[in-house]
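# can you look at this prediction? I've put the sequence above it.
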Amino acid sequence: MRIAMQGVDPLSEKAAMMKESLQKSQTITDKVVTILGSFDHRLSALETAMRPTQVRTHSIRKAHENIDRTLKAAEVILAHFDQYRQAETKIIKGPHENLENYLEAIEKLRSNIQFFGSKKSFKSSDGVVNHANNLLAKAISKLEDEFKQLLSSYSKAVEPERLFDCLPSSMRPSSLSPGHEGDSSGKNPSSHNPSDPNTEAVVYTPPALIPPRILPLLHDLALQMVEAGNQQQVLKIYRDTRSNVLEESLHKLGVEKLSKDDVQKLQWEVLEAKIGNWIHFMRIAVKLLFAGERKVCDQMFEGFDSLSDQCFAEVTTSSVTMLLSFGEAIARSKRSPEKLFVLLDMYEIMQELNSEIHTLFKGKACTEIKEAALGLTKRLAQTAQDTFGDFEEAVEKDTTKTAVSDGTVHPLTSYVINYVKFLFDYRSTLKQLFQEFEGGDATSQLATVTMRIMQGLQNNLEGKSKQYRDQALTHLFLMNNIHYIVRSVRRSEAKDLLGDDWVQRHRRIVQQNANLYKRIAWAKILQCLSISGLASSGGGGSTGGGDAGSSSGASRAIVKDRFKSFNMMFEELHQKQSQWAVPDTELRESLRLAVAEVLLPAYRSFVKRFGPLVENGKNPQKYIKYTAEDLERMLGEFFEGKSVKQ
C-alpha cells in the first residue's frame, strides 16, 4: 500500500504542478486578451482620428490629377495654336516659295479647325475656328491661282510633228505639212490585212500632254480644292485651260470648222482631199490627243472618277463636235456615186475607233459624246447604203450622150468596172453594211448586188449600141465592152463572187457579137468574090487560050465589075474600120485573123480563077489593084482607132 501511494504522489504533484501551470497560463491568456482588447480599442480610435486626414489626402491627389490633365489639355491646345501660327506664316508667304510646305500648312489648318470645332467647352473656340476658316479660304484662293498658273504654264498645244512621231511608222507622212499623210484614201494600211504576217504591228503612243513630274502637284492642288468644296472652280479652270489647248492642237494639225453649207460649196477634188485629211485627224485625235487627255484627267483626279469624267467630257466636247460636224455635213450632203468610197472610208474609221471612243468617253458625263459618235457612224452607214442603191439604179438608167464613134470601150463601162473593183477593196465593210441593214448571208447579198450592177450596165450598153447606124459597129461596140467587163472580172475578186458560169456565159456573148460583126461587115464584099452570077448569056465575052477552062462561061465585063466593086468596098472598109477601135491587143489580133481567114482564101481563089480574064485585057492593074499580101497588110491597120491619111 505504501508503495502504491508513493507512486501516486509524484503523479499528484505533477498533476498539481500542471494544474497550477495551467492556471497561470489562463491568467496570462486573460491578461493578454485584456491587453489586446485594449489595443484594438486604441486602433479604432486612431483610425477615427486619421480619417479626415485620409480624405484630405485623397482630395489633394485628385486635384493633382485634374491639374495634370488640364496641363496636358493646355499643352495640346497650345500645340494647335503653335501649329496654327506656323500654318498661318506659310500661308501668308503663298504657294510659290514651297508648294509642298504650303499644302502641308493647309492640312494642318484643317486639322486645327476640326480640333477647335470639337472643343465647344473652350470659350475661344468659335473665334479661333472663324479665324482659321477665313485663313483657309484665303489659302484655297491662292491655291486656285497656283493651280491655274501651273496648269496654264504646262499646257501647250502639241505640234503636228510631235503627233506624227507618235503614229506607227507606216502611217507617218513623208512631208510634215499638216494633213498630208501619203495615203489619200485615209485608210489604215494595216486594217485590211490583219492576218498578213508581214503587216507591221500598229502601235500608237499618246504624247504626255503635261510633264509627268508636274501631274502629282496638280493632283494635290486639285484634291485640296475639292476637299474645300471648290469642285466647280476646279472644273472651270481645267476646262477653260485644257479645251483651248486641245482645240489649238487640232487647228495646228489642220482641222477646220466647216458647216454643211461650206461643204456644199467645195469642189469635189478639194472636198475629197479634206475628207482624206479628216480621216487622219479623227485617228490622231482619238488615239493620241483624246487618249492623252484622258490619261491626264485620270491621274489628276485620281479617286474622283465622276469629276475626272466630267472634266474630260467638258474639255473634249468642243473638239469632238468640230470633228463630228464635218462628218455629219458629208453624211447629209447631196448623194453622188463618187461619194460612196469616201463615205465607206469615213464609216470604216468610225468603226475602227468605236471601241476606243467607248473606253475613253466612259461615265455618265460622256454619254452625249458617245451617242453623237454612234449617231455619225449610223448616219454614214445609212448614207453609204442609199448611195450604193442610187449607183445601181443610175448604171442602168444612165443617159449620157458621150459618143464613142470608134466603137471602143464606153466611159460608162470603164467607170462602172473601176467602181466595182474599188468596191471590192471594201468587201468586209460592205458585208457589214448588208448585215446591219438587211441581215442574212452578206456574201450572197454582195454577189447579188454585183450581178445586178453588171446586168444594169449590160442593159445600158445594149441601149447605147442602138445609136450606131452601122450594124457592124453596133456589134463591135458590144464585143469591146462585154469583153472589157469579162476580162476585168476575171482579173479581180469579183470572179470568185460571180462564179465561172457567169464568166463563161459572157465570153460567149463576146464571141456572138464578134461573129455578128464579121457577118454584117464582110458579107457584101465576100459576095463580090463569089462565082454566083458570073456567067454571061451569050458567052461572047469569054476568052480563048489556056485559061479558058478556069474561067469558062464567065463574063469579062462582070469579072471586071466584081474586081472594081471589091476594090471600092475594101477601100471603104479600110478607111472606115481603121478608125474603129478594138483596144484589147489580143482581141484585136484575133478579130483581124478571123477576117483574114475568110477574106484572103476567097480573094486568092477568085484572083486565081478569074484574074486571067482581066490580065489579058487593057489596064489589068486597074482591076487587080491588090495582092493577097497587100490585103493582109491593110487588115493589120484595121481597128487601130486612127484616121487614115488621104
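Looks like it came in fine.
# so which residues of the stretch 151-300 of the chain form helices?
160-165, 215-227, 231-253, 260-265, 268-284, 291-300 (DSSP state H, counting those that start in this stretch).
# want to throw these into JSON lines with mean pLDDT?
JSON lines is the format used below for these (pLDDT from 0 to 100):
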{"stretch": "helix 160-165", "mean pLDDT": "94"}
{"stretch": "helix 215-227", "mean pLDDT": "90"}
{"stretch": "helix 231-253", "mean pLDDT": "94"}
{"stretch": "helix 260-265", "mean pLDDT": "87"}
{"stretch": "helix 268-284", "mean pLDDT": "94"}
{"stretch": "helix 291-300", "mean pLDDT": "95"}
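# of those, which approaches E632 most closely?
Each of the helices of the stretch 151-300 of the chain was scored for nearness to E632 using Cβ to Cβ, and the closest is helix 268-284 (48.3 Å). From N, CA and C alone the C-beta is placed, and that goes for glycine too.
# that older thread, can I get the helices of the stretch 151-300 of the chain in a markdown table with mean neighbour count?
Output for these, formatted as a markdown table (neighbours: other Cβ atoms under 10 Å):
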| stretch | mean neighbour count |
| --- | --- |
| helix 160-165 | 16 |
| helix 215-227 | 19 |
| helix 231-253 | 19 |
| helix 260-265 | 13 |
| helix 268-284 | 20 |
| helix 291-300 | 21 |
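# got the angle for the helix or strand L323 falls within vs helix 291-300?
Assigned by DSSP states H and E, L323 belongs to helix 305-332. Helix 305-332 and helix 291-300 are oriented at 160 degrees to each other (axes from the mean of the first three to the mean of the last three Cα atoms, to 10 degrees).
# who are the packing partners of the helix or strand following helix 305-332?
On the C-terminal side of helix 305-332, the closest following helix or strand by DSSP H and E is helix 339-360. With contacts defined as 3 or more Cβ pairs under 8 Å, 6 or more residues apart in numbering; DSSP states H and E, the packing partners of helix 339-360 are helix 268-284, helix 291-300, helix 305-332, helix 367-397, helix 427-437.
# the fourth one to helix 268-284, inter-axis angle?
Compare the direction of helix 367-397 with that of helix 268-284 by the same axes, to 10 degrees and you get 150 degrees.
# what are the buried residues along helix 367-397?
Buried residues in helix 367-397, defined by neighbour count with 16 or more other Cβ atoms under 10 Å: 369-370, 372-373, 376-377, 379-385, 387-388, 391-392, 394-395.
# before we move on, what about stretch 601-612?
Those buried within stretch 601-612 under the rule 16+ other Cβ under 10 Å are 602-603, 606-607, 609-612.
# sort out for me which of the residues you listed are in strands.
Using DSSP state E, no member of these falls in strands.
# just the mean pLDDT for stretch 307-324, thanks.
Mean per-residue pLDDT for stretch 307-324: 95.
# also stretch 428-444?
So the average pLDDT for stretch 428-444 ends up being 82.
# end to end on it, go ahead and measure it.
The first and last residues of stretch 428-444 sit 13 Å apart, counting by Cα to Cα, to the nearest Å.
# before we move on, the earlier item: list the helices and strands the helix holding L323 packs on?
helix 231-253, helix 260-265, helix 268-284, helix 291-300, helix 339-360, helix 367-397.
# could I get those helices as JSON lines with distance to R56?
Output for these, formatted as JSON lines (distance: least, Cβ to Cβ, whole Å):
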{"stretch": "helix 231-253", "distance to R56": "61"}
{"stretch": "helix 260-265", "distance to R56": "99"}
{"stretch": "helix 268-284", "distance to R56": "89"}
{"stretch": "helix 291-300", "distance to R56": "66"}
{"stretch": "helix 339-360", "distance to R56": "79"}
{"stretch": "helix 367-397", "distance to R56": "78"}
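# of all those helices, which lies closest to M322?
Taking the helices and strands packed on helix 305-332 one by one with Cβ to Cβ, helix 231-253 is closest: 6.9 Å.
# distance from the chain centre to that closest one, please.
Remark: helix 231-253 is offset 24 Å from the chain centroid, using Cα atoms, centre = their mean, to the nearest Å.
# which residues are in contact with it?
Outside helix 231-253, the residues that touch it by Cβ atoms under 8 Å, 6 or more residues apart in numbering are 144, 147-148, 151-152, 155-160, 163, 178-179, 209, 222, 225-226, 281, 284-285, 289, 293, 296, 300, 307, 310-311, 314-319, 322-323.
# of those, just the buried ones, PyMOL syntax please.
Restricted to buried positions by 16+ other Cβ under 10 Å, the PyMOL selection for those reads:
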select buried, resi 144+147+148+151+155+157+158+160+163+178+179+209+222+225+226+281+284+285+289+293+296+300+307+310+311+314+315+316+317+319+322+323
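# where does the stretch 401-550 of the chain have low pLDDT?
535-550 (pLDDT under 70).
# tell me where it has helices.
For the stretch 401-550 of the chain, the helices defined by DSSP H, counting those that start in this stretch cover 411-425, 427-437, 442-465, 471-490, 494-498, 500-528.
# kind regards, and thank you for your time.
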